[in-house]
Structures are given as C-alpha cells and as structure tokens.
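> would you be able to build a 3D model of this:
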Amino acid sequence: MSADGAPRKSGLRDWLADRIGLDELGNTIRAGQVPGGANLWHTLGSVAAGLFVLEALTGIFLATAYTPSVTGAWASVAYIQDQLTLGWFVRGLHSFGSSALIVIAGLHLLQVLLFGAYRRPRELNWMVGLLLFGVVAVFALSGYLLPWDQKGYWAKLVEATITGSAPVVGTSAQKFIQGGTTFGNTTLTRAYALHAMALPALLTGLLVFHIYLFRRHGYTPKWSLSTEDAAARAVPAWPDQAFRNAVVGLLVWGVVAVSVIARHGAPLESPADPTSSYLARPEWYALPLFQLRMFFEGPLEIVATMIIPGIVTALAFALPFLDRGATNRPHDRRRVLTAAGLGLLAVTVLGVTALAKDARNPVYAKARAEEKTRGELARRLALKGVPPDGNVFRNDPTFHAREIWDDGCHGLAGAGGEKGPDLKDYNSRAWIRGFLINPNGALYMGPAKIEKGMTAVDGTPEEIDALVEYVYAETGAPDADAARAGRGRDLLSPKDCDTCHDMDGEGENDGPNLKGRGTAKWVAAVIADAGHPLLFGDRNKMPRQRNKLTADEIEEMTKFVLALKGK
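Take a look at the predicted model:
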C-alpha cells in the first residue's frame, strides 16, 4: 500500500503510467470519432506525417556521413551513394520520399479544399496547413544544393538570382542566402543549417499545432451527408480510421522503396563547376514556375516569379474568408472550386509544356548526355580517393595532360584555341575531310596565320572520300577501308599533294611527312618538337617541349589528344 492507502503499482508500465500519465496519453491519441465513417480520403494527412518521419530518419542517417563544405560535399554524397552499405538506398528514400511528401501534402490540401474543411471553425488550421506545405517546399529546395553537384548548384544559383530581382529587399536577401556576393562555402553551410536544423524545428512545431487544431475540431464529413447522417454513421478513429491510415501509409512507403530500387537511388551529377555552361532545370515540382518565366522577359520576369505566385498565395490564405457558400456542398462553392480547378490545370499545362520542350530540344538532349558521361566518370574517379581540394578529376590520367596543354599550348586542345586548330574529333573522318576542304578555316590552320599554307584540295566527292580514307588509314584506324585508302594514295600525285608532302617517313618537304600521320608516335613527335624537318619545319608555331616535358608527360598529352577523336 502507498502512503495514501492506494494499492501500490508495480512493473515498468505501471511506473510510467503513474509518472507521465501513460493511460491518459493513450486515450488522447485514440480518442475521437470519424463522422460519416472511416474512409480513404481522411488518410492523406496521416500519410504525409508518416513521410515526414521517413525524411527525418533517413536525414539523420545521411547527416552522419555528410560534409557541408564545397570541397567535401560532393565527395561525401558520392561515398554515401557508391561505397556506404545501403547508402544508395537510404539516400534514395530521402530523395524520393521528399517528392512523395510534396505529392501527398498537395493531395491533402486538395482534399481539404474539396470537403470545404477550410471553413469555420477550421480557418486557422487551413492556414497552418498552407504554411506546412510551404515549409515542405523550402525543405526540398534547400536540400537540392547539398550534394553540390551541377544540377543543384545551377538550379540554386537561378533561385538566388530570382530572389535578388525582388524590389527593395532583393539584393540583401540574395546576399544573405549566398553568404556574400557569390556562391561558396558559406552558401552551402547556410543551406545545410536551414535544411538540417531550422526547417525540421519549424515543421515539427507547425505539425504539432496542426494536429492539435485537427483534434480540437475533428474530421470534416463528406458534403453529401447531413449532420444527423454523419453522426449516425460515426465510428471510432481507433482502430477503424487508424487501420486505413496505416495501410495507405505503408503502401506509399512501399511505392517509394520500389522506385528507389528501380532507379538504384537518387541521381548524382558531376561536381559543381561554376565555369561551365550548364542548362539548369529545377525539379519537377518547380517546372510550372520555370515555364511561366518564359512568358515574361527582362523587367517583367518579376511578374512570373513573384507577383503571380504572391497573388495566388494571398488568395489561398484568404480563402476561408472569401468563401461565401451556404454549405460545404460543391454546388454552393462553384466559384472556389472552379478557380482551384483552373489553377491546377494551368500548373499541369505549364509543367507538361516544359517537359515537352526539353524532350524536343536536341541541344538539351546533348547536354544531358554529356553531363551523364561526366557524372559517371566523376563517380568512378571518386572510388580511387578524393584529393584534398575535392577535385576528383585529378584522378583522371588525362587531367595532368590537360593542365599542361592549357598552360603551354594556349588552347590548341579540343575546345579550340586562338593560335591553332580545334582538335575536337581530331583523327576522325569528319575532321580530316573538313581540313582537306578548308585547311585555312577557323577550325583548322586559319588561327595560326601561316603564310603560304596548304590550299584546299579540289576534287569530286568520291576523290575527297578516297583522300580522307588514305589519311585516316595512316592513323592506324582498324576500320579503315584499305581499297579506298589505296585509291586515295594513288591520287596524291595527280592532286599535287606530293609537292609538299612525302609519304615514306624519311623524306623532308614543305609540309609534314604523312607516313603514320596521326598515330601515337607521330602525335608525340609533334608535341615534343613540331618544328622537326619531318613535321612542320620552319612554319611551326608551337613551343618546343622536348626539353620542358618528361617522356611520361609527353605520353600523357599524346593520349589526351588521341582521346579527342570522334566516333
């Protein structure tokens, strides 16, 4: 017996019940009726809350391996994705789960709108729900930058620029977001603090308040039921509605998990490169706003980015006070539901239009293919270890060669330069054909400004093809057509090619000896000393590298040039 004469409780459950009121807490959770009976419509709020729990759990796991710095962010995400046990799965759950949360939260808002659950006395809960949806959207946008890959970096840069266009406070807001005048380490740490600390606290507080208001006012029955019918069909929230909540919640979690497995986790592009020209696109939920911007140019862009969204947001918050319908029936709220339907249709059309335009855009398709290749290369290189500066491309054997080339050859590499030919697709049939037809063009020897340079080869298309095949065959290409190459060799004298070029690998002439032209040995000789008599001789304008580079460096540069060959 206790001091007051009451029976003494024993066991952990009784101890907790006595200290924290466990029984009362359970009754509070289980209490409540569902007017009109349990149904699937009422599951959406609970499913959204369950997805938030999923985001929180996976976010904690990811935070244990993430490094919020410009030198370590991408590398840490690549480690999670490719090396940490089940890291790809957890990261995928977090990424796909955020999209699912936006979808479910949006459907929940539409359900509340359809049922008229924003009306008195639930006005405040509607507004809190809108705030929750906004916080979820900011959650997704802030997490976008954290991998510090191309997609996140450039999309966030566009968002910051849009923020900066706001009148009066735009510049200050942009500087605050960026942590200065440019994107950098402070930008990333602020995004991480917002995503991992501030927003979770804000969302949790709003969610608790939202649930409290919901429990205070209860479920909104379907409009087709009278007050008496709804009361007559009422069932306990536990277990009738709770069971449906759990089943739908687990189903949504399952869909997210299957999506993650099918895609093997969330995508990760190559590390952010501020010097690149990246075609930025936002995630799917921001595509409508992205497309809306296309209709307003220059100073009018603010109409799409701030004025229209601002008006829509203000109307949404004011909806409970604007709706003058006599009842919750859709017939009595035609204007509200028609406006909402038209808005939803506009958002859908804008999003689909943005996707369709990109699907038909060959420039965008090419850029995506190139980025996919670059991203896959970066992740393979990351498996070798990440340098202290975070630049995984230093692990690429051609990286050092490119640095030497850019430093000492003044842009003569694949990107083109001011003093020599553009070597992109060098040694391909297309490159050789272009050179023969227009040797002094801007992509070939034109920038070198060589006096008395090579003149264009005059001939029929068949003759040009034969000459191209001869030069192509000299590179050692295994797919060269020997018969056609032989016809090309026979044309060298009739076309006066032998006036400037020997073909034996020994004779010197005004132009390079064509024997083995384009092979690794020939390219290495050009890199080492393009002024050799067997090569460009006195006409050479390339710096002599034989005494400046080691044999290994010349070999690296040779491989780099040969890798530029197109298919």
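> please make it C-alpha for all contacts and neighbour counts, starting now.
Noted.
> contacts for stretch 431-445, please.
Outside stretch 431-445, the residues that touch it by C-alpha atoms under 8 Å, 6 or more residues apart in numbering are 416, 420-422, 425-426, 446-447, 453-458, 464-465, 468, 471-472.
> mark which of those are buried, thanks.
Burial by neighbour count, 16 or more other C-alpha atoms under 10 Å: within the contacts of stretch 431-445 this picks out 416, 420-422, 425-426, 446-447, 454, 457, 464-465, 468, 471-472.
> what's the average pLDDT for whichever strand or helix holds residue 373?
In this assignment (DSSP states H and E), residue 373 forms part of helix 362-382. In this model, helix 362-382 carries a mean pLDDT of 94.
> in that helix, what counts as buried?
Using 16+ other C-alpha under 10 Å as the test for burial, helix 362-382 gives 364, 371-372, 374-375, 377-382.
> what do you get for stretch 232-244?
Those would be 234-238, 241-242, 244, for stretch 232-244 by 16+ other C-alpha under 10 Å.
> want to throw these into JSON lines with pLDDT, secondary structure and distance to residue 262?
Listed next are the buried residues of stretch 232-244 as JSON lines, based on pLDDT from 0 to 100; DSSP: H, G, I helix; E, B strand; the rest coil; distance: C-alpha to C-alpha, whole Å:
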{"residue": "234", "pLDDT": "89", "secondary structure": "coil", "distance to residue 262": "42"}
{"residue": "235", "pLDDT": "91", "secondary structure": "strand", "distance to residue 262": "40"}
{"residue": "236", "pLDDT": "89", "secondary structure": "strand", "distance to residue 262": "39"}
{"residue": "237", "pLDDT": "87", "secondary structure": "helix", "distance to residue 262": "36"}
{"residue": "238", "pLDDT": "88", "secondary structure": "helix", "distance to residue 262": "35"}
{"residue": "241", "pLDDT": "92", "secondary structure": "helix", "distance to residue 262": "32"}
{"residue": "242", "pLDDT": "92", "secondary structure": "helix", "distance to residue 262": "30"}
{"residue": "244", "pLDDT": "95", "secondary structure": "helix", "distance to residue 262": "27"}
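> can you tell me which residues contact the residue nearest the centre of the chain?
For the chain, residue 151 is the residue whose C-alpha lies nearest the centre (C-alpha atoms, centre = their mean; 3.2 Å). Residues in contact with residue 151 (C-alpha under 8 Å, 6+ apart) are 269, 272, 280-281.
> can you give the distance of the helix or strand harbouring it from its chain's centre?
Taking DSSP H and E as the criterion, residue 151 maps to helix 150-164. On the basis of C-alpha atoms, centre = their mean, to the nearest Å, helix 150-164 sits 11 Å off its chain's mean C-alpha point.
> helix 362-382 and that helix, what's the angle between them?
Angle, helix 150-164 to helix 362-382, by axes from the mean of the first three to the mean of the last three C-alpha atoms, to 10 degrees: 120 degrees.
> still on that earlier bit, ok, and the most crowded of the contacts of residue 151?
residue 269 (22 neighbours; other C-alpha atoms under 10 Å).
> isn't that one up against residue 154?
No: checked against C-alpha atoms under 8 Å, the pair residue 269 and residue 154 is beyond contact range at 11.6 Å.
> list the buried residues of stretch 216-226.
Across stretch 216-226, burial judged by 16+ other C-alpha under 10 Å covers 219-223.
> which helices and strands does the helix holding residue 373 pack with?
Secondary-structure packing of helix 362-382 (3 or more C-alpha pairs under 8 Å, 6 or more residues apart in numbering; DSSP states H and E): helix 73-82, helix 334-359.
> what angle sits between that helix and helix 73-82?
Orientation check (the same axes, to 10 degrees): helix 362-382 against helix 73-82 gives 80 degrees.
> now helix 362-382 - C-alpha only, PDB.
Written as PDB, here are the backbone C-alpha positions of helix 362-382 (Å, rounded to 0.1, in the frame of the first residue of the first chain):
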ATOM      1  CA  PRO A 362      18.400  18.400 -79.300                       C
ATOM      2  CA  VAL A 363      20.800  20.900 -77.600                       C
ATOM      3  CA  TYR A 364      19.300  20.000 -74.200                       C
ATOM      4  CA  ALA A 365      19.500  16.200 -75.000                       C
ATOM      5  CA  LYS A 366      23.100  16.500 -76.000                       C
ATOM      6  CA  ALA A 367      23.900  18.500 -72.800                       C
ATOM      7  CA  ARG A 368      22.200  15.900 -70.700                       C
ATOM      8  CA  ALA A 369      24.100  13.000 -72.400                       C
ATOM      9  CA  GLU A 370      27.400  14.800 -71.900                       C
ATOM     10  CA  GLU A 371      26.600  15.500 -68.200                       C
ATOM     11  CA  LYS A 372      25.700  11.900 -67.700                       C
ATOM     12  CA  THR A 373      29.000  10.800 -69.100                       C
ATOM     13  CA  ARG A 374      30.900  13.300 -67.000                       C
ATOM     14  CA  GLY A 375      28.900  12.400 -63.800                       C
ATOM     15  CA  GLU A 376      29.600   8.700 -64.300                       C
ATOM     16  CA  LEU A 377      33.300   9.400 -64.800                       C
ATOM     17  CA  ALA A 378      33.400  11.500 -61.700                       C
ATOM     18  CA  ARG A 379      31.900   8.800 -59.600                       C
ATOM     19  CA  ARG A 380      34.400   6.200 -60.900                       C
ATOM     20  CA  LEU A 381      37.300   8.500 -60.200                       C
ATOM     21  CA  ALA A 382      35.900   9.100 -56.600                       C
END
